[in-house]
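S.K.: what follows is a protein structure lacking sequence information:
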């Protein structure tokens, strides 16, 4: 009504309410799906890094036997986890950008709905979470083998 060319606005309130309720249901469904994918990604990252450290458990034991400190042993594994986290986050950011460009080409009217600062924040959070998850998984896996005694090393 604020626009000078518009004299009257007529809409069906019941239809708008139904659409809003359906959007809320779909949003909750998508949120649940995203949480499921996030949990799966955590499990995959954790298992990948644990397998990498498991394959080098004898190297960790040898380094302990020659007197290496825990920090010295942990450092290359954390660096490896850091690089894996960065590359994984960059790949996910690239896929997000490709998806946004594809949506923009198919539905140009959604261009007005895109908020570039918000997309930038999402990409930054993706990078930080990717790095932190990989570093945490690497630290936990290496700590397990640093504390393990020789009898359990062959299991």
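M.R.: Cool, the structure landed. It should be emphasised that the depicted structure is a prediction, and the values quoted were computed from it without experimental measurement. Numbering: from 1, shown residues only.
S.K.: residue 39 is in what secondary structure piece?
M.R.: Assigned by DSSP states H and E, residue 39 falls within helix 13-54.
S.K.: from the chain's centroid, how far away is that helix?
M.R.: 11 Å (C-alpha atoms, centre = their mean, to the nearest Å).
S.K.: now the helices for this protein?
M.R.: Taking DSSP state H as the test, the helices found in the chain are 13-54, 57-65, 70-106, 116-147.
S.K.: the first one packs against which elements?
M.R.: Right, the one you point to is helix 13-54. helix 70-106, helix 116-147 (3 or more C-beta pairs under 8 Å, 6 or more residues apart in numbering; DSSP states H and E). The C-beta positions use only the backbone N, C-alpha and C, and glycine is treated the same way.
S.K.: and if we set it to 7 Å?
M.R.: When contacts are defined as 3 or more C-beta pairs under 7 Å, 6 or more residues apart in numbering; DSSP states H and E, helix 13-54 sits against helix 116-147.
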